[in-house]
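1. predicted model and sequence follow; I will ask about them next.
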Amino acid sequence: MKWSTHHAMCVVLFLIGCASAFWGCSSSTLEEPNIVSSQSQNGHMVPSGATGDRKGLSGLQMAPSETCGYSEADPICVGGAAAGQGPSNSRQFLNSIVGPQGQPITYSRKGACCPFETVNSDLGGGLLDVYEVRWDGQAEPVILYVNMYDAEPLWVPHGLRPR
C-alpha cells in the first residue's frame, strides 16, 4: 500500500485520539466533544459545504432513534474510508439533507473525536468526524457525528429531512 500524507496524518490523529481516550480526556457531554484534530482555512473549518454543493445521495431513510447522528455512541455511518472514499461519502451525505422545513443547510467540520474500534481501518480503529450544521431560522447549530469507516443505512437525523 502506498502511504500518502493523508494516511500519515490519519495515523497521527488516531494515535492522538487513543492517547486522549486512555488518559481520560474524552468529553462526557454530547454537545461538546473532545476534538483531537481539526483543520481551518481563512478562519473557516474545513471541509465545509452546503446542501446541493456537490453530488447528493438517494435512498436516505429517517433515523430509527432520536440520538442517531447526534451522539458519539450513535453516529451516522457513511463508510468508504478503506477505499479512500470516506470524506467524499461524508460530504455527499451532508449535501443530501436539509433543515426541518426543507431549508438548505451549511456545514463545517469541527474536527475529529471519539476513538473507536473498527475492522474497516488498516489501524483497527478510527475517529468520528464532528460537523456543525446550520440553516436559516435556526436558533442554535446542531452537531452531527459521522463515522466514515463503517457503513449502515444512511439515516437522516430527527429534525432534518432528505433533500
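-> Received it, and whenever you're ready, just let me know what you need. Predicted model, so just to flag it, every value in this text is computed and none were measured.
2. so C77, which of the three states?
-> strand (DSSP: H, G, I helix; E, B strand; the rest coil).
3. quick one: it and L154, what's the gap?
-> Per Cβ to Cβ, to the nearest Å, C77 is found 8 Å from L154. Yep, even glycine has a C-beta here, placed from its N, CA and C like the rest.
4. list the contacts of P162.
-> Residues in contact with P162, defined by Cβ atoms under 8 Å, 6 or more residues apart in numbering, are 60, 96-98, 156.
5. which of those lies closest to E132?
-> Nearest to E132 among the contacts of P162, counting by Cβ to Cβ, is I97 at 13.8 Å.
6. all strands of this structure, in order?
-> With strands called from DSSP state E, the chain shows them at 40-41, 44-45, 48-50, 61-62, 76-77, 97-98, 105-117, 125-135, 142-147, 155-156, 161-162.
7. tell me which of the ones you listed is the most buried.
-> Among those, the stretch with the highest mean neighbour count (mean count of other Cβ atoms under 10 Å) is strand 76-77, at a mean of 26.
8. just checking, what packs against that strand?
-> With contacts defined as 3 or more Cβ pairs under 8 Å, 6 or more residues apart in numbering; DSSP states H and E, the packing partners of strand 76-77 are strand 142-147.
9. what angle sits between the strand it packs on and strand 105-117?
-> On the basis of axes from the mean of the first three to the mean of the last three Cα atoms, to 10 degrees, strand 142-147 is oriented at 40 degrees to strand 105-117.
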